[in-house]
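Novice: need coordinates for the below:
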Amino acid sequence: MKEALGKAGQAVEYRTADGRLVGLYIPGDFSDYTSFPPFVDTPEEQAHLAQAYKVISPQRERETKAHLTADELPLQIVLLNRDPGSYVRPHYHVNDAPAASPTRHQILICQRGRLRVGLYTKDGERMGQVVLRPGDLVLMCEGHSLEFLDPGTKIIEIKMGPFPGSDEADKVELHVDHEPAHRSP
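Specialist: Sure thing, here's the model as predicted:
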């Protein structure tokens, strides 16, 4: 089982033995942009950058933009590290193919305090855990648990929609042996 406690500037993937992505931890101090480069190799892609993003150098794009998730995932995480004056022209994104995922993916972003996130497969196998601190985020593709560690911890949760109408219809409880002892608030 892996535990991520804030590897300096690097993302940590949690994968099953067959390669499925269960979770992706991205620390608030992420700086490993060149390990997740955007596609800017062809003259067409470079021309698009120059027009849509006012980016002249493909190398600069590789150093300031990270595509952290595979193209086929229903939630895409892209990090941008840009200077004042950088500009992206007004646009929207086309969704011409419905997501083909057996689970609804979620992203948690820690704004204040600390939160321990357990990462599990759909079958309840614990793959690891991460402790989120302000600015950190985690993508959860399968099972997960949340343990709030500090008073007033505040997180943002981003989840695939639409909501199925009730919590019961939305969740499948995993019966695992890794839950912390219940603590009173």
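Novice: switch to C-alpha atoms for all contacts and neighbour counts from now on
Specialist: Noted.
Novice: what distance do you get for Y14 to A169?
Specialist: 26 Å (CA to CA, to the nearest Å).
Novice: the two - which one has more neighbours?
Specialist: Counted by other CA atoms under 10 Å, Y14 and A169 do not tie: Y14 has more neighbours, with 24 against 9.
Novice: phi, psi of that one?
Specialist: Y14 adopts backbone torsions of phi -120, psi 110, taken as degrees, to the nearest 10.
Novice: what's the helix or strand for E147?
Specialist: Using DSSP states H and E, E147 falls within strand 143-148.
Novice: which is the succeeding secondary structure element to that strand?
Specialist: Per DSSP H and E, the first helix or strand lying C-terminal to strand 143-148 is strand 154-159.
Novice: relative to strand 143-148, how tilted is that following strand?
Specialist: If you take axes from the mean of the first three to the mean of the last three CA atoms, to 10 degrees, strand 154-159 sits at 160 degrees to strand 143-148.
Novice: returning to that earlier point: so what touches the strand holding E147?
Specialist: V22, R114, L115, R116, V117, G118, L119, Y120, T121, K122, G124, L174 (CA atoms under 8 Å, 6 or more residues apart in numbering).
Novice: and the two most separated of those?
Specialist: By the measure CA to CA, R114 and K122 form the most distant pair in the contacts of strand 143-148, at 25.0 Å.
Novice: which one's more surrounded, the two?
Specialist: Shown here are R114 and K122; by other CA under 10 Å, R114 has more neighbours (21 against 17).
Novice: how about the more buried one: what's its closest non-neighbour residue?
Specialist: R133 (4.9 Å; CA to CA, 6 or more residues apart in numbering).
Novice: check which helix or strand V130 maps to.
Specialist: Going by DSSP H and E, V130 is in strand 126-132.
Novice: what is that strand packed up against?
Specialist: When contacts are defined as 3 or more CA pairs under 8 Å, 6 or more residues apart in numbering; DSSP states H and E, strand 126-132 packs onto strand 2-4, strand 12-15, strand 115-120.
Novice: contacts for the second one, please.
Specialist: The list of residues contacting strand 12-15 from outside it, by CA under 8 Å, 6+ apart, reads K2, A4, L21, V22, G23, L24, Y25, I26, L119, M127, G128.
Novice: tell me which element the fifth one is part of?
Specialist: To tie it back to what came earlier, the one meant is G23. strand 21-26.
Novice: now do that strand against strand 126-132, angle only.
Specialist: Following the same axes, to 10 degrees, one obtains 20 degrees for the angle between strand 21-26 and strand 126-132.
Novice: got the angle between strand 21-26 and strand 115-120?
Specialist: 160 degrees.
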